[in-house]
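In: No letters, just coordinates:
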Ligand SMILES: Nc1ncnc2c1ncn2[C@@H]1O[C@H](COP(=O)(O)OP(=O)(O)OP(=O)(O)O)[C@@H](O)[C@H]1O
Ligand SMILES: [Mg+2]
């Protein structure tokens, strides 16, 4: 399998507090990779390091054989931050249009492509509204639309489905699987167990270390439990 | 060019953010008007005694002031009795003015009348500097002539600094700056995009403020309007680049506002609005590191002295240099977010 992302001995500290400690992860092409871990375990920090917007104290993030940060690779990455980074005065359409133009989508394609991603996140009928009138879930969906507008080869999503109802969540995951079948590599961080279940591979983050890694099935089998929830509690130091 | 995308976005944001638009366009006009109502007590027509002046000169001067031809002795008496505001004579081929000097408004009006007359006499030639004496009072009264151009420069600087700085800090607080840095945008493209987007607005703002001050408020103006625009535009760009640079050192809008007493207020003191002649030379030198000092000096050159480009070229280049410096520093400051 082709390696798309490799993290080599990554460690990161904010001041004196070490948040990430010696993480080594390799991610194959066309895989949905889940980062699971309790709040404050360093998921967001790790994801920012992968995308190149945070420079790790130690180690390096290599995306498609290029050390990050790399402007060339940034073009291949779609990123959805945990906190929505949107221009609230602008409409949903204008927000997507801005990022689409930065990613270099030609004007002729842009319109269609924006329409398409708005459909995926079910925001077509709100596209002319300024974002400050949006609900939390609508903003999440808009952030997601922005991250996929330039059809990136790698999609990095920090808790993409928080505040999104089960029905829409299901259709979004269908979209993820479709993207995956087209060869897109997806990294998601999540708290939600049934989402973790849908990943091909999981890394459990705890205290800045990866304490377990493997497919959801392997993780459950190796400790003889039936649900992801039990596995999470087991590895997280609770009893299974 | 990705900066274009940023410029388009900023223009769209402005279109929807009416309040910032108002702050950039209407607020400076309002404050300038208020200042003017306070400082400029109406159209004072000065009374000037002309002692042995060329006829053509008197003719033009009469458009600007009430002129009476007296001999030197009568004129001095009239001045002593405060019947007139000034005595104008001709000494060694140039005008010599003696101001009564106790009323700043009157002195200002006399100065203006004289300048205007001199300008009309020989618009092409190099200005001749009149000799000015004060019967009472001192040079400080000149202050009121100087203040108009300084105020124009100051308000442009102030409002552009605020709007530019605060909107850049909002990119930080709402996470869009970090989000933008997760795209192939280069750091310089972000900074240039900002200068471009706001720059367009500051051109319009400069035109409005300068035109309003000169044509509606009737601020004394002897020079070329285009020069005024050039200087105000450069001053606005330096304010913009300084505002966005300083926003790197603030965590939120409130901290940005805290820069006003630190960065803006001292510039007012050193920009020539107050007389610094008595200040220690090394203290006075502080003004040399402030953009407003150069902007105000250039504006005074153009508006009061009606100077040609050559006499304020240095100020123009210094303002340009400030903008360049702040912009480069800002590009470097963004390294904090992304090394590349
Ligand atoms: N900018 C920062 N400065 C200082 N400490 C930080 C900063 N960002 C994160 N941290 C610390 O790093 C740790 C990990 O934070 P991170 O945001 O990566 O956690 P997370 O796993 O994403 O949590 P959550 O699930 O709540 O989003 C936390 O203890 C946090 O306090
Ligand atoms: Mg997080």
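Out: Okay, I see it. Keep in mind that this is a model prediction, so the values were computed, not measured. Ligands and ions are numbered 1, 2, ... in the order given.
In: how about stretch B:155-174: buried residues?
Out: B:155-172, B:174 (16 or more other Cβ atoms under 10 Å in any protein chain shown). The C-beta positions use only the backbone N, C-alpha and C, and glycine is treated the same way.
In: ditto for stretch B:269-284
Out: B:270, B:271, B:272, B:273, B:276.
In: Compute the first-to-last residue distance for that stretch.
Out: Distance between the two ends of stretch B:269-284: 10 Å, counting by Cα to Cα, to the nearest Å.
In: contacting residues around the longest helix seen in chain A?
Out: Longest helix in chain A, counting residues (DSSP state H): helix A:166-181. Helix A:166-181 is contacted by residues A:30-32, A:120-122, A:137, A:141, A:144, A:148, A:155, A:160-161, A:164, A:186, A:188, A:195, A:198 when judged by Cβ atoms under 8 Å, 6 or more residues apart in numbering or on different chains.
In: Got a ChimeraX select line for the buried ones in the residues you listed?
Out: Selection of buried members from those for ChimeraX, criterion 16+ other Cβ under 10 Å:
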select /A:30,31,32,120,121,122,137,141,144,148,155,160,161,164,186,188,195,198
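In: sorry, back to before: compute the inter-axis angle for the helix or strand following the longest helix of chain A and helix A:166-181.
Out: Using DSSP states H and E, the next helix or strand after helix A:166-181 towards the C-terminus is strand A:185-190. When axes from the mean of the first three to the mean of the last three Cα atoms, to 10 degrees is applied, the directions of strand A:185-190 and helix A:166-181 differ by 150 degrees.
In: what about residue 25, is that helix, strand or coil?
Out: Going with chain A. strand (DSSP: H, G, I helix; E, B strand; the rest coil).
In: Hmm, residue A:203 and it touching each other?
Out: Yes. Here residue A:25 lies in contact with residue A:203, judged by Cβ atoms under 8 Å, at a distance of 5.9 Å.
In: Overlap in contacts, those two.
Out: Common neighbours of residue A:25 and residue A:203, using Cβ under 8 Å, 6+ apart, are A:210, A:213.
In: neighbour-wise, which of the two wins?
Out: residue A:203 (24 against 19; other Cβ atoms under 10 Å in any protein chain shown).
In: need the next SSE after whichever strand or helix holds the more buried one, C-terminal direction.
Out: For residue A:203, the host element (DSSP H and E) is strand A:201-206. Sequence order places strand A:209-214 as the next helix or strand after strand A:201-206, per DSSP H and E.
In: what's the residue closest to the geometric middle of chain A?
Out: Residue closest to the mean C-alpha point of chain A, counted by Cα atoms, centre = their mean, is residue A:157 at 1.6 Å.
In: Could you spell out the sheet neighbours of the helix or strand encompassing that residue, each with its direction?
Out: Taking DSSP H and E as the criterion, residue A:157 maps to strand A:154-158. In the sheet, strand A:154-158 lines up against strand A:77-80 (parallel), strand A:185-190 (parallel) (DSSP bridges).
In: re the thing from before, so which of the buried residues of stretch B:155-174 are also by chain A?
Out: Among the buried residues of stretch B:155-174, the residues lying close to chain A (Cβ under 8 Å from any Cβ of the partner chain) are residue B:174.
In: got a pLDDT number for residue B:40?
Out: With respect to pLDDT, residue B:40 scores 62.
In: show me what contacts residue A:85?
Out: Going by Cβ under 8 Å, 6+ apart, residue A:85 touches A:143, B:174, B:175, B:176, B:178, B:179.
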